[in-house]
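Student: need a 3D model of the sequence below.
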Amino acid sequence: FLAGHPGVDGVTFTGESRTGSAIMRTVADGVKPISFELGGKNAGLIFADARLDAAVEGSVRSVFTNGGQVCLCTERLYVERPIFQEFAGRLARRAQELSREREPMPMISAGHREKVLSYYRLAASEGAEVLAGGGVPPWVEGGYHVEPTVLTGLPQSSRVNQEEIFGPVCHITPFDTEAEAVALANDSRYGLAATVWTRDLSRAHRVAAAVQAGLVWVNTWFLRDLRTPFGGLRLSGIGREGGVHSLDFYSEPSTVTVKLEDADE
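Tutor: Model prediction:
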């Protein structure tokens with residue numbers, strides 16, 4: 001195993017959380033430094049005072065970009081109850097439009113498509129309400145496409161709400177209070193990214209500080225400056241990349257003390 005080779009001084013890895021765990025076990029005997037950017041089960045929090053058009057379109061991007069195969073994509077959406085029905089309906093219609101327009105949602109392999117479809121089937125078997133999608137596009141004749149899918153109605157403890165799917169799918173849950181929204185967002189083994197949609201600047205700061213994630217976007221998604229720290233918590237990784245943070249990992253500080261002969265003791 002390359003990571004355990006004595007010629008390797010440290011390991012940085014981007015990928016799935018189980019692979020990261022395997023690398024940690026491999027390098028443990030050598031006490032090698034590691035930097036991991038792993039999976040995510042990212043949350044989006046939409047408050048009733050948000051600009052609804054922006055929140056819907058931003059969520060469309062954060063859920064369906066690259067067929068959901070981006071570690072920063074959103075798979076859990078928590079929407080304040082007064083706007084829940086409208087938001088859910090509009091997001092579902094946008095997902096249906098993507099499907100009608102034959103927007104490609106190819107998965108990376110046949111095996112991964114089967115994994116994503118297995119979660120679609122699991123959600124249906126557990127009683128989820130399928131607002132859009134939930135299968136293979138009817139126009140598909142080849143490739144590994146799946147439908148952009150919007151779900152609701154499952155408990156927070158469900159596998160669909162707890163496990164990374166890595167496909168074009170999200171589950172929408174209503175909330176009543178800011179504290180409840182934060183608690184739901186933090187109820188995850190992952191902690192990579194989150195989005196917050198609100199016009200209340202004070203709330204934006206409170207929620208961004210309370211959400212346990214390495215990156216929090218307010219009223220946007222995937223807006224990045226490569227000089228800023230990038231990384232997550234828990235199963236989402238260890239350490240930070242970007243700017244001086246990358247330099248820190250790839251170098252070791254050393255203290256050199258020189259006594260000059262003519263210097264006073």
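Student: in the stretch 151-265 of the chain, where is pLDDT below threshold?
Tutor: Scanning the stretch 151-265 of the chain for pLDDT under 70 picks out 263-265.
Student: and the helices in it, which stretches?
Tutor: For the stretch 151-265 of the chain, the helices defined by DSSP state H, counting those that start in this stretch occupy 159-162, 178-186, 201-210, 244-249.
Student: wait, which of those is closest to Glu126?
Tutor: Glu126 lies closest, by Cβ to Cβ, to one member of those: helix 159-162, at 7.3 Å. From N, CA and C alone the C-beta is placed, and that goes for glycine too.
Student: show me what that closest one is packed against.
Tutor: helix 110-125, strand 169-175 (3 or more Cβ pairs under 8 Å, 6 or more residues apart in numbering; DSSP states H and E).
Student: please identify the deepest-packed of these.
Tutor: The highest average neighbour count among the helices and strands packed on helix 159-162, using mean count of other Cβ atoms under 10 Å, belongs to strand 169-175 at a mean of 23.
Student: using CSV, write down the CA coordinates of it.
Tutor: The C-alpha coordinates for strand 169-175 follow below in CSV (Å, rounded to 0.1, in the frame of the first residue of the first chain):
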residue,chain,number,x,y,z
VAL,A,169,-31.0,14.2,-5.2
CYS,A,170,-32.1,16.1,-2.1
HIS,A,171,-34.5,15.6,0.7
ILE,A,172,-36.5,18.7,2.0
THR,A,173,-37.6,19.0,5.6
PRO,A,174,-39.5,21.8,7.2
PHE,A,175,-38.4,23.6,10.4
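Student: and the angle for that strand with helix 178-186?
Tutor: Taking axes from the mean of the first three to the mean of the last three Cα atoms, to 10 degrees, one finds strand 169-175 and helix 178-186 inclined to each other by 150 degrees.
Student: now for strand 169-175, which elements pack on it?
Tutor: helix 52-64, strand 74-80, helix 81-100, helix 110-125, strand 149-152, helix 159-162, helix 178-186.
Student: nearest to Gly39, out of those?
Tutor: Gly39 sits nearest to strand 74-80 of all those, at 10.3 Å, using Cβ to Cβ.
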